[in-house]
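Undergrad: This is a predicted model, with the sequence first.
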Amino acid sequence: MIACIIAALTVGFLSGFVVRKAVIRKLKRSVLELETEMVENHADILKLTEQIARMENEGAKVDVPVITIGSPKIHGGKTGGSKSS
């Protein structure tokens, strides 16, 4: 009777250990894939930043619209909001 209980506990422990190890392996693989993707994305960002810097150094203008925030003057010195004649 005691041998059956010990055997059941041993089998339960080993099966739990195997399942947990498989889950950990899967999670590690997932983390590795995400880290690889992040490194590739950072490399792309660095390449684009280098390309922009090179274009600015060569004198080429990068057409990016710039909107000024915090400037009350809009449309020839008049502030928006009220109409005055």
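TA: Sure, I can see it. Bear in mind the structure is a predicted one, so any value in this text is a computation, not a measurement. Residues are numbered from 1 along each chain as shown.

Undergrad: And the pLDDT at Arg20?
TA: Looking at Arg20, its pLDDT is 97.

Undergrad: Secondary structure element holding it?
TA: helix 2-57 (DSSP states H and E).

Undergrad: just checking, what packs against that helix?
TA: Here helix 2-57 touches no other helix or strand, going by 3 or more Cβ pairs under 8 Å, 6 or more residues apart in numbering; DSSP states H and E. Backbone N, C-alpha and C define where each C-beta goes, glycine included.

Undergrad: Spell out which residues sit in contact with Phe13, please.
TA: For Phe13, the contact set (Cβ atoms under 8 Å, 6 or more residues apart in numbering) is empty.

Undergrad: Next one: the spatially most central residue of the chain from Glu58, what distance?
TA: Centroid-nearest residue in the chain, with Cα atoms, centre = their mean: Met38, separated by 6.6 Å. The gap separating Met38 from Glu58 is 31 Å, by Cβ to Cβ, to the nearest Å.

Undergrad: Great, nothing more from me.
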